[in-house]
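Okay, sequence plus prediction incoming.
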Amino acid sequence: MSNMYKKIGVLLYTLLSTIDVNVVGQLRLNEVVVLLAAPFVFRQTDLKEYPYLKKALAALLMLLVFQIITDVLVVGASPQNFMRGWAATIISMLSIVFLFKTLNDQSTILLFIGLTILRNIIYTDEIVDSDMSYFKFKIAPILSYTVYLIIFWLYARNELKLVMTVMIAYSLLCFASDTRSTGVIFFLSAVIIWFMNTKATISGRRIAFFAVIFAALFQVAYVFYVNAVMNDEIGGEHSKAQIARLDNPYNPLGLLMTGRAETFAAATAIADAPLFGHGSWAVDKTLKYYMILLAYHDEDMNVMKAYEKDRLIPSHSVVMGAWVNAGLGGFIAVVCLFFFLMKMGLYIVRNGQELQLYPVLVLMVIGLIWTFLFSPIQHLRFNIPAIAAIVMTTYYELTGSVSQQAEEMNIPELNPI
């Protein structure tokens, strides 16, 4: 595929991702582009040439098989629900193929980041309904991708300290603005980038020492954070409400539990149907899992309001959502996909310091971990394919260059005749 066509593909995929089309439930217009283009960009030799592409697609195909078994043979899901569930997995597969063949060089990756900023400026998600959610769901996505470009530019000029400064400053801004998950991702990524670039010798004893120091500093910082939120100095009403309902507000695990209560509701749903799950787009008909969610939020249930609309079984985790919907087999399939992506991602983290995009790639890898563990299963269709494609293409770029260097070192010197 020529460079021009790749850029056109990235342009269409990014900017058309906010337009819905009513086909098999609801597709995004960029997914229609994927459906039309994927057969033309895919070559049969790709699966042999890129084994991890084959493995990723095999994991998603495995997920699809278990979705079909659960939906058709076990729970008897409605055609509308199982077609939406199956379509999401098929779209994920095709999106990875399409993006793997388009987001395969630095210029198209930078174009994707720039277009994502433009898309987020133009489009405002309907979930934005308050000042704090406006920052979290509108401003933070724009700033995050803008920081991607800034740290790319700084890192390319060997300004590592400035990269650290920008990343940590932005993480603190996120913590202060009720966007804790983004703050955690940027802070952890900054620490990893620093250690990997300073070539620090890491032993078991050193890891234990730094873990103790980090835990102590984190707890002290967390105490200051809680006090600042309760005194209305930082954060917002959402953070204040979460901390106020904790028996011990200075226990960070308590905040994690109340902030990710969907995980405990999903665990109960999994225990109720561990082998085959509840099916695609499973509705919480008795509101059993919804009540668990409210219990962790310390809220009373308004029964009339609760039954006004169908409520899906909550999970807020790609991994657990797969188990809720498609049973143990679906869980194993998604864990396999996660394992393959992490194997490539961690290789990049360990060996990609010479890449100009290195800090951006570290952020994407850490963000991928967070997405699989703490984001809704819909991210398997909307967000994961692009990051997976970037990780995969970078991995093969790195391993290809290493192989080429090894071959060059092993070329015997020819004696002149």
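Yep, it's here.

wait, is Leu275 part of a strand?
No: Leu275: not assigned to a strand; according to DSSP: H, G, I helix; E, B strand; the rest coil it is coil.

for this structure, where's the lowest mean pLDDT among helices and strands?
When the helices and strands of the chain are scored by mean pLDDT, DSSP states H and E, helix 303-306 comes last with a mean of 60.

Would you mind pulling up the elements that the helix or strand just after that helix packs against?
Counting by DSSP states H and E, the next helix or strand C-terminal to helix 303-306 is helix 318-351. Contact here means 3 or more Cβ pairs under 8 Å, 6 or more residues apart in numbering; DSSP states H and E; on that basis helix 318-351 packs against helix 51-68, helix 180-198, helix 261-272, helix 358-374, helix 379-382, helix 384-409. For the C-beta atoms, the positions are set from N, CA and C on the backbone; glycine is no exception.

Can you say which of these is nearest to Gly321?
Judged by Cβ to Cβ, the one of the helices and strands packed on helix 318-351 that comes nearest to Gly321 is helix 261-272, at 7.0 Å.

For Ala386, see how far away the residue positioned nearest the centre of the chain is.
Centroid-nearest residue in the chain: Thr371, 3.2 Å away (criterion: Cα atoms, centre = their mean). Between Thr371 and Ala386 the computed distance is 11 Å (Cβ to Cβ, to the nearest Å).

okay, and for the stretch 201-350 of the chain, where does confidence drop off?
By pLDDT under 70, the low-scoring segments of the stretch 201-350 of the chain are 201-202, 236, 298-310.

For Gly235, which three-state class applies?
Under three-state DSSP, Gly235 falls in the coil class.

ok, the closest residue to it other than its chain neighbours to Val184 distance?
Of all residues not flanking Gly235 in the chain, Val229 sits nearest, at 4.1 Å (Cβ to Cβ, 6 or more residues apart in numbering). Distance, Val229 to Val184, using Cβ to Cβ: 16 Å.

do the same with Thr165
Distance from Thr165 to Val184, by Cβ to Cβ: 18 Å.

ok, now Thr399?
Distance, Thr399 to Val184, by Cβ to Cβ: 30 Å.

Please apply the same query to Ile117.
On the measure of Cβ to Cβ, Ile117 and Val184 end up 22 Å apart.

Which residue of the two possesses the greater neighbour count?
Legend: neighbour count by other Cβ atoms under 10 Å for Ile117 and Val184, higher for Ile117 (18 against 15).

element containing the more buried one?
Counting by DSSP H and E, the element that carries Ile117 is helix 106-122.

list the helices and strands that helix packs on?
Applying 3+ Cβ pairs under 8 Å, 6+ apart, we find helix 106-122 packed against helix 3-15, helix 140-156, helix 384-409.

I'd like the average pLDDT over it.
Computed over helix 106-122, the mean pLDDT rounds to 95.

Extract the CA atoms of that helix and return them as PDB.
This file holds the C-alpha atoms of helix 106-122, laid out as PDB (Å, rounded to 0.1, in the frame of the first residue of the first chain):
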ATOM      1  CA  GLN A 106       6.400   6.800  12.300                       C
ATOM      2  CA  SER A 107       4.700   9.400  10.000                       C
ATOM      3  CA  THR A 108       1.300   7.600   9.900                       C
ATOM      4  CA  ILE A 109       1.400   7.100  13.700                       C
ATOM      5  CA  LEU A 110       2.100  10.800  14.200                       C
ATOM      6  CA  LEU A 111      -0.700  11.600  11.700                       C
ATOM      7  CA  PHE A 112      -3.000   9.300  13.700                       C
ATOM      8  CA  ILE A 113      -2.200  11.100  16.900                       C
ATOM      9  CA  GLY A 114      -2.700  14.500  15.300                       C
ATOM     10  CA  LEU A 115      -6.000  13.500  13.800                       C
ATOM     11  CA  THR A 116      -7.200  12.100  17.100                       C
ATOM     12  CA  ILE A 117      -6.600  15.500  18.700                       C
ATOM     13  CA  LEU A 118      -8.600  17.100  15.900                       C
ATOM     14  CA  ARG A 119     -11.400  14.500  16.300                       C
ATOM     15  CA  ASN A 120     -11.600  15.100  20.100                       C
ATOM     16  CA  ILE A 121     -11.700  18.900  19.600                       C
ATOM     17  CA  ILE A 122     -14.600  18.600  17.100                       C
END
